[in-house]
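Mind looking at a prediction? Sequence and model below.
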Amino acid sequence: MTPEKVTRFYGCQLTTTDSVKQHKLRKLIAWLSDKEGRGKEFISLYIPPRTPIDTVVATLKNEPDQNTIEPRSVEERVQAALKHVINQVKQHKEIPENGLALFAGSFKTGNQESEILNVEEIVPPEPVSNYMYEVNDHFLLEPLRHMLRDQRIMGLMAVDSKEASFGIFEGERLEIMENITSGIPGKSGKGGQSQRRYERERDMEVTNFFHRVSEHATKLFLESHKVTTLIVGGPGQTKDDFLKGDFLHYELKNMLLSTVDTQSASREAIREILDKSTAALSNMCLPEEKKTMQRLLTELARQNGLAICGLDPVLDGLKNGEVEVALATDSSDLVEIAAICKKCGLPKSRIVDKKDAGATREIISAPCERCHAVEYEMEEKDMIDVLEDAASQTNARVQVIATDSEEKTKLTALGGFAALLRYKNG
């Protein structure tokens, strides 16, 4: 067994946007999921934040032997992996604020012909809640997968002149939060001045009620739950009057996804809104993604707009410091293949389709330009990592659009890569 390889994935510290964190974590989980032990030899360890290092080390040293029925070779690999995990934990002065996850096992990586003892160290994007240690023929990845759950929190609101109801939809769970009533009587059938006076008074009462509705919406959707999207429903024209008026907080107005006609504004209307919004919700990206894509399309439509599309222009723009934010979908099959000469260390790289095995063979068959050797160390880098590396040099951002949505379809049609610019050279 060849020496250990340690990979450190700091999901919270080293990326420019939440979308990139999610993308990198998703790729890492997929990579770890493909690994399979020859027995129960893979170690998975989750450490909550603020756990003392000495406590973690002592606990690991006292973990019971779970491999008494495994072959001696498997037991030896587990002990070797555990030793390296303990050494890795000892390198920390303290556990990071979101905790730590480590995965250790011996398997082939990249173009390696022999097995390497790999230790994957991850600072996850959310805090680890419980200490977990497991030895199995696969890695325990469910806690990390849970962190990839749908992060969208939707506010649902039904309103008319008589009442208003509020709900929260998160993941697959709907919670109907509250119902308030106005106490406003229906429209009067009086005539003349009495009718007009009654209507003015009623309009004032409706206005006051709309302000109450807005206050409840702000408290529930911005202060208590931090929703990312809002859908408003209700019968007739009243909901539209509410939205057109200067009632709803501007942040909630910016989150508005759609309006829905419902039979009432009661608690039952919240479920009706959700039932009628299935298509919109399944084709919805996060507000940040929608806003960025709208800016991109607007700039592309201008004669000298501050936007570009295509991988090569985006990479050039990043290297020149022109790019403010680079956008990419998570569906690209492009990777950067790097070949480092084993004799003199000269690197060469090329962006290729990862399904194109011939491209890799072509790279390694050509002699090194410096020493003419033909032995290389090969590395493969995801295109999001390539963009991130370039962006980090000029304080640009990278945003990944992963949700199946209209925005992702539009970006895919542009080649899957685009960027908003700070300025244009020339």
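Noted; the coordinates are in hand.

Using PDB, list the CA coordinates for the helix or strand containing residue 121.
Here residue 121, judged by DSSP states H and E, is contained in strand 116-123. What follows is strand 116-123, C-alpha atoms only, in PDB (Å, rounded to 0.1, in the frame of the first residue of the first chain):
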ATOM      1  CA  ILE A 116      -3.400   4.800  -1.800                       C
ATOM      2  CA  LEU A 117      -4.500   5.300   1.800                       C
ATOM      3  CA  ASN A 118      -6.800   8.300   1.300                       C
ATOM      4  CA  VAL A 119      -7.900  10.700   4.000                       C
ATOM      5  CA  GLU A 120     -10.600  13.100   2.900                       C
ATOM      6  CA  GLU A 121     -11.100  15.900   5.400                       C
ATOM      7  CA  ILE A 122     -14.200  18.100   5.000                       C
ATOM      8  CA  VAL A 123     -15.400  21.200   6.800                       C
END
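
so residue 424 makes contact with residue 307?
No - Residue 424 is beyond contact range of residue 307, at 9.5 Å (criterion: C-beta atoms under 8 Å). All C-beta atoms are positioned from the backbone trio N, CA, C, and that covers glycine.

Which of these two has more residues huddled nearby?
residue 307 (22 against 13; other C-beta atoms under 10 Å).

Just give the nearest non-adjacent residue to that one, would you?
Nearest residue to residue 307, sequence neighbours excluded (C-beta to C-beta, 6 or more residues apart in numbering): residue 299, at 3.5 Å.

Equivalent analysis for residue 272, please.
Per C-beta to C-beta, 6+ apart, closest to residue 272 is residue 262, 4.6 Å.

Check the gap between that neighbour and residue 355 for me.
In this view, residue 262 and residue 355 are 48 Å apart by C-beta to C-beta, to the nearest Å.

Look at those two and report which has more neighbours.
Each of residue 262 and residue 355 has its neighbours counted (other C-beta under 10 Å); residue 262 has more, 25 against 8.

and that one, what pLDDT?
Taken from the predicted model, the pLDDT recorded for residue 262 is 95.

go on, the one 4 residues further on?
Per-residue confidence for residue 266 comes out at a pLDDT of 95.

and if you look at residue 389?
Looking at residue 389, the pLDDT reads 89.

Then residue 12?
We note a pLDDT of 40 for residue 12 in this prediction.

Residue ranges of each domain in the protein, please.
Domain assignment for the chain by automatic domain parsing gives 2-146, 153-283, 288-421.

Next up, the contacts around residue 347.
338, 339, 340, 341 (C-beta atoms under 8 Å, 6 or more residues apart in numbering).

Can you pull out the low-pLDDT segments for the stretch 101-250 of the chain?
109-113, 149-152, 171-172, 186-193 (pLDDT under 70).

Where does the prediction get shaky in the stretch 251-400 of the chain?
Those would be 279-287, if you go by pLDDT under 70 across the stretch 251-400 of the chain.

hey, where'd the strands end up in it?
256-261, 307-309, 323-329, 334-341, 347-353, 376-382, 397-401 (DSSP state E, counting those that start in this stretch).

which residues sit in contact with residue 32?
103, 120, 139, 141.

Now do the helix or strand where it lies against strand 323-329, angle only.
Using DSSP H and E, residue 32 falls within helix 18-33. Per axes from the mean of the first three to the mean of the last three C-alpha atoms, to 10 degrees, the angle that helix 18-33 makes with strand 323-329 is 40 degrees.

Partner strands of the helix or strand following helix 18-33, with direction?
Sequence-wise, the next helix or strand downstream of helix 18-33 (DSSP H and E) is strand 42-47. In the sheet, strand 42-47 lines up against strand 100-107 (antiparallel), strand 132-136 (antiparallel) (DSSP bridges).

any chance of the ones you listed in CSV, plus mean neighbour count and distance to residue 80?
As requested, the strands paired with strand 42-47 are exported to CSV (neighbours: other C-beta atoms under 10 Å; distance: least, C-beta to C-beta, whole Å):
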stretch, mean neighbour count, distance to residue 80
strand 100-107, 23, 8
strand 132-136, 18, 13
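
Switch the strands of the stretch 251-400 of the chain over to TSV; also include distance to residue 72.
Shown next, in TSV, are the strands of the stretch 251-400 of the chain (distance: least, C-beta to C-beta, whole Å):
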stretch	distance to residue 72
strand 256-261	60
strand 307-309	58
strand 323-329	48
strand 334-341	37
strand 347-353	42
strand 376-382	33
strand 397-401	45
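
To residue 184, which of these lies closest?
strand 256-261 (20.9 Å; C-beta to C-beta).

List of residues touching the closest one?
Here strand 256-261 has contacts from 154, 229-236, 239-240, 243, 272-273, 276-277, 280-281, 284, using C-beta under 8 Å, 6+ apart.

residues in contact with residue 126?
98, 147.

Now do it against residue 96, distance only.
Counting by C-beta to C-beta - residue 126 and residue 96 are separated by 12 Å.

Which residues are in contact with residue 139?
So residue 139 contacts 32, 33, 35, 42, 44, 103, 105 (C-beta under 8 Å, 6+ apart).

got the phi/psi numbers for it?
phi -90, psi 150 (degrees, to the nearest 10).

so where's the longest helix in the chain?
Using DSSP state H to define each element, the chain has its longest helix at helix 192-218.

Correct me if wrong: residue 297 contacts residue 413.
No - applying C-beta under 8 Å as the test, residue 297 and residue 413 come out as separate, 10.8 Å apart.

which of those two has more neighbours?
It is residue 297, of residue 297 and residue 413, that has more neighbours when counted by other C-beta under 10 Å, with 16 against 9.

distance of residue 242 from residue 206?
With C-beta to C-beta as the criterion, residue 242 and residue 206 are 9 Å apart.

between those two, which one's more packed in?
Using other C-beta under 10 Å, the more surrounded residue of residue 242 and residue 206 is residue 242, with 24 against 19.

That one sits in which helix or strand?
Going by DSSP H and E, residue 242 is part of helix 238-244.

Of all the residues in that helix, which ones are buried?
Neighbour counts using 16 or more other C-beta atoms under 10 Å place 238, 239, 241, 242, 243 of helix 238-244 among the buried residues.
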